[in-house]
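Enquirer: Only the shape, not the letters, is given here:
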């Protein structure tokens, strides 16, 4: 009887370890660490949004990065989607040029895995 209980406990532990590995170790865990807005150099040029994406996990892979301009007065947004390949512990700058009319904008970024 004790042997059956021990085998059941080992089986549950194996399932728990496998589940944790799949959720925490099989890919990157992206985090937006910094977002910057670079104003257009001249009239008609696009805005540039840059985001520093850190991989907080031990896995590696491709993440989807959404870079966005949010107009302060209206909340209207303009965005671009980019991809980044992150290694374990890596941090990478991702940037996009976003055409938008002249205005007051707040830069935003999101990073998602899986893409």
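Expert: Right, received. Where do you want to start? From a predicted model like this one, the values you see are computed outputs, not experimental measurements.
Enquirer: Now for residue 59, how many residues are close by?
Expert: 16 (other CB atoms under 10 Å). In this view, the C-beta of every residue, glycine as well, is placed from N, C-alpha and C.
Enquirer: Would you mind confirming that it makes contact with residue 87?
Expert: No - if you go by CB atoms under 8 Å, residue 59 and residue 87 don't touch, sitting 9.4 Å apart.
Enquirer: now the strands for the protein?
Expert: Chain-ordered strands for the chain, with DSSP state E as the definition, fall at 30-38, 47-55, 61-71, 77-86, 91-98, 105-112.
Enquirer: Could you list every helix and strand in contact with the fourth one?
Expert: Contact analysis of strand 77-86 by 3 or more CB pairs under 8 Å, 6 or more residues apart in numbering; DSSP states H and E lists strand 47-55, strand 61-71, strand 91-98 as its packing neighbours.
Enquirer: got it, and the second one?
Expert: Of the remaining helices and strands, those touching strand 47-55 by 3+ CB pairs under 8 Å, 6+ apart are strand 30-38, strand 61-71, strand 77-86, strand 91-98, strand 105-112.
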